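J.: only geometry, no sequence info:
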């Protein structure tokens with residue numbers, strides 16, 4: 001019988017945050033993701049012995065985890081969280097307010113009512129640490145310090161009785177309890193790497209590696225290869241060409257894994273799936289047996305495109321090309337290659353977080369089977385590679401996605417027609433390898449390197465790296481061994497992909513400025529280590545203005561006509577506005593359809609408007625608007641409504657307004673209410689009575705209902721396609737409206 005083998009590869013990576021000169025970690029994300037994700041992702045497989053997976057651990061991540069586990073790492077976020085509040089300086093208090101709320105507001109902050117209470121208090125001051133300080137007492141700060149750490153604890157760690165007791169307490173934490181959380185945090189970090197080593201020893205997982213500091217290897221070999229993937233791409237003024245550095249980065253990664261985890265990796269997930277024939281040759285020379293990248297690289301190499309039908313399915317001849325293992329061989333290199341199904345991988349990364357875990361797991365297993373069916377029908381083995389980040393997606397899932405993963409793994413284990421295997425197991429069992437003799441250079445993002453080179457910021461960063469590398473080559477011989485070693489280490493760190501991930505137009509985080517400063521600090525350290533002064537230009541930011549999501553509160557009542565025509569700008573003046581940030585943060589691959597939300601009230605109605613990035617999508621889709629009314633200090637919504645709108649050929653075909661508390665719709669297109677309007681043309685608009693939400697502006701309210709009175713509304717829009725949520729605004733949290741008089745709104 002032909003076999004269906006599923007390869008699941010989780011790529012675990014964080015940038016190198018440590019300043020080698022000062023010894024300080026500039027950002028806390030290694031520590032926090034090691035607490036929240038890395039241990040539990042492996043430990044979960046204890047429950048599913050027949051589900052084997054591959055974990056790619058970036059070597060520089062391993063060294064940083066070791067540093068924290070040994071208690072020798074320090075970052076300002078940890079220092080501020082650990083210090084008794086009475087000892088915090090005023091700048092440190094402001095730092096705490098500014099940075100200890102850096103967590104997903106829905107799945108992490110809101111999970112702890114006291115944490116959410118403090119967050120909402122901070123937000124009410126306009127996210128200003130200086131203004132918020134006077135509203136936070138000493139106990140508030142201590143609670144913030146404790147809860148900002150507990151929010152990142154792994155689900156397995158939350159089961160610890162002492163930790164569970166703290167969570168149950170909820171507030172009013174003591175300095176002793178604060179110390180306990182920090183000390184327990186370091187104990188738990190020490191469990192991460194041994195858990196991986198033990199799972200590998202018993203065969204539950206295979207551990208693969210990347211080049212040490214996560215560089216884009218083809219670009220390190222030759223920066224001009226960016227134009228080979230994208231003809232006409234603007235290149236840096238100076239050509240960076242150091243294949244010897246690429247080899248060193250990869251060799252160090254292989255050596256570290258053997259030293260720390262006890263086995264030498266057979267395979268490599270090259271940073272960002274970036275491959276070229278030169279890179280394959282370097283890897284083969286170092287004993288690497290397999291590498292992985294994206295389906296688009298395969299498509300360009302074969303001269304085809306892996307386009308899918310409306311249900312996300314490949315045609316038979318395309319499925320035969322993708323769901324197999326390739327043996328690459330030419331005069332330069334020989335290597336086994338797998339190519340990720342990026343559609344299925346992106347469902348986990350960006351879509352399933354918005355679904356019920358049971359539905360998401362069932363949909364995923366069904367998708368895997370349907371994808372492989374053309375191969376199986378011909379009696380051929382099928383290999384479906386699912387490869388994605390192993391940490392960033394889980395902030396968007398309730399409880400770190402564990403229920404979804406459990407149901408998915410249980411489905412895999414129970415299905416006799418599916419084998420969940422490591423990459424090496426799949427290669428050992430596979431029949432009928434496909435042959436490949438040439439490979440187009442590219443990454444897992446559009447089969448090119450445009451995220452990391454080509455934009456003015458990217459090219460400036462490469463030019464600065466070129467000059468630092470040249471300075472090292474010209475001056476290292478005159479330095480001491482210690483100076484040379486430090487300077488070269490800084491060069492290797494600066495070659496990492498992460499710096500250019502944040503440069504250019506594609507991505508941003510709340511820490512863009514810190515990333516920029518840290519990159520320039522690494523380059524400056526090269527010159528300082530060799531006894532010279534860094535060039536003045538390294539004191540100036542590389543990064544330009546960064547796009548941010550903008551949020552404006554409602555400032556006046558609005559009375560728009562509901563026509564779906566966004567030309568009527570003045571009718572929406574005074575509305576609350578949420579403008580999307582379409583730069584994709586730490587993960588890439590998200591599809592964006594929605595651009596902005598406008599919302600507001602008048603004396604009797606709530607209005608909403610959704611603007612699309614260009615025009616409404618040319619697909620069948622559904623729009624969902626969730627609305628809730630809330631009273632102050634309430635633990636649940638006063639009333640919740642849901643507006644569902646079906647769209648086909650750019651027109652609304654049906655809509656309904658429903659409440660989870662009622663069996664029948666409150667209103668529908670088949671029996672519309674007088675006070676309701678729904679329209680789609682250039683944009684989407686609606687109007688609903690506030691009475692349906694048991695809410696009117698406080699000064700206007702005549703509804704005879706039990707107290708407490710609703711004081712605010714919140715709204716969230718989402719777009720669904722084929723039963724899956726594909727975009728939403730806001731991405732996190734809600735658009736909020738205050739239920740007050742127009743006079744009070746105008747003072748906002």
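T.: Happy to help now that I have it. Just so it is clear, the model here is predicted, and its values are computed rather than measured.
J.: So residue 269 is in contact with residue 210, correct?
T.: Yes - taking contacts as C-beta atoms under 8 Å, residue 269 lies within contact range of residue 210: 5.6 Å. C-betas here are computed from N, CA, C, even on glycine.
J.: Now the common contact residues for these two.
T.: 11, 56 (C-beta atoms under 8 Å, 6 or more residues apart in numbering).
J.: and those two? which has more neighbours close in?
T.: residue 269 (31 against 28; other C-beta atoms under 10 Å).
J.: element containing the residue lying closest to the more buried one once chain neighbours are set aside, please.
T.: Leaving out its chain neighbours, the residue that sits closest to residue 269 by C-beta to C-beta, 6 or more residues apart in numbering is residue 56, at 4.2 Å. Using DSSP states H and E, the element containing residue 56 is strand 53-57.
J.: Can you tell me the strand partners of that strand and which way each runs?
T.: As defined by DSSP bridges, the strand partners of strand 53-57 come to strand 4-12 (parallel), strand 205-208 (parallel).
J.: out of those strands, nearest to residue 490?
T.: The closest of the strands paired with strand 53-57 to residue 490 is strand 4-12. By C-beta to C-beta, the value is 23.7 Å.
J.: Residue 87: neighbouring residues, count only.
T.: As a burial measure, residue 87 scores 8 neighbours (other C-beta under 10 Å).
J.: Apologies, that question was intended for residue 55.
T.: Neighbour tally, residue 55, other C-beta under 10 Å: 24.
J.: from what I can see it touches residue 195, true?
T.: No - contact criterion C-beta under 8 Å: residue 55 and residue 195 do not qualify, at 10.1 Å.
J.: that older thread, pLDDT at the residue nearest to residue 269, what is it?
T.: Model confidence at residue 56, given as pLDDT, is 98.
J.: Residue 548 now?
T.: On pLDDT, residue 548 comes in at 49.
J.: before we move on, what about residue 512?
T.: The per-residue pLDDT reported for residue 512 equals 80.
J.: ok, so what distance separates it from residue 63?
T.: The gap separating residue 512 from residue 63 is 24 Å, by C-beta to C-beta, to the nearest Å.
J.: Does residue 444 touch residue 292 like I think?
T.: No - taking contacts as C-beta under 8 Å, residue 444 lies outside contact range of residue 292: 9.0 Å.
J.: Mind listing the shared neighbours of those two?
T.: With C-beta under 8 Å, 6+ apart as the test, residue 444 and residue 292 both reach 273, 340, 387.
J.: Skip the chain neighbours and tell me the closest residue to residue 222.
T.: residue 241 (4.8 Å).
J.: The one you found: neighbour count?
T.: Neighbour number of residue 241 under other C-beta under 10 Å is 16.
J.: Need the three-state assignment for it.
T.: coil (DSSP: H, G, I helix; E, B strand; the rest coil).
J.: Over to it: give its phi and psi.
T.: phi -140, psi 100 (degrees, to the nearest 10).
J.: I'd say it and residue 221 touch.
T.: Yes - the pair residue 241 / residue 221 is scored as a contact, 6.9 Å apart, by C-beta under 8 Å.
J.: next helix or strand past the helix-or-strand element of the chain with minimal mean pLDDT?
T.: Among the helices and strands of the chain, strand 550-552 carries the lowest confidence by mean pLDDT, DSSP states H and E, at a mean of 76. Later in the chain than strand 550-552, the nearest helix or strand by DSSP H and E is strand 576-579.
J.: Sort out which residues of the next helix or strand after that following strand are buried, please.
T.: Using DSSP H and E, the helix or strand that follows strand 576-579 in sequence is strand 594-601. Of the residues in strand 594-601, 594, 595, 596, 597, 598, 599, 600, 601 count as buried by neighbour count, 16 or more other C-beta atoms under 10 Å.
J.: and the closest residue to residue 367 other than its chain neighbours, what is it in contact with?
T.: The shortest distance from residue 367 to any non-neighbouring residue, by C-beta to C-beta, 6+ apart, is to residue 344 (5.7 Å). Contacts of residue 344 were listed using C-beta under 8 Å, 6+ apart, and they are 364, 367, 368, 371, 384, 386.
J.: one more time with 10 Å
T.: Contacts of residue 344 were listed using C-beta atoms under 10 Å, 6 or more residues apart in numbering, and they are 6, 312, 364, 367, 368, 371, 384, 385, 386, 387, 388.
J.: Please indicate which of those residues are buried?
T.: 6, 312, 364, 367, 368, 371, 384, 385, 386, 387, 388.
J.: Low-confidence bits of the protein, can you list those?
T.: Where the chain drops to pLDDT under 70, the residues are 545-550, 566-569, 581-591, 698-708, 724, 746-748.
J.: care to break it down by domain?
T.: 65-192, 456-539, 550-745 (automatic domain parsing).
J.: Can you give me the end-to-end span of the shortest one?
T.: Taking C-alpha to C-alpha, to the nearest Å as the measure, domain 456-539 stretches 18 Å from start to finish.
J.: what's the helix or strand for residue 717?
T.: strand 712-721.
J.: Grab the nearest non-local neighbour of residue 563.
T.: Leaving aside its chain neighbours, residue 563 sits nearest to residue 679 (5.3 Å; criterion: C-beta to C-beta, 6+ apart).
J.: Tell me if I am right that the one you found is in a strand.
T.: Yes - applying three-state DSSP, one finds residue 679 inside a strand.
J.: Please name the bridge partners of it.
T.: Using DSSP bridges, the beta-bridge partners of residue 679 come out as residue 685.
J.: Residue 716 too?
T.: residue 626.
J.: Tally up the residues packed near it, please.
T.: 20.
J.: do the same with residue 694
T.: Using other C-beta under 10 Å, the number of residues around residue 694 comes to 17.
J.: Setting aside sequence neighbours, what's the nearest residue to it?
T.: residue 639 (4.5 Å).
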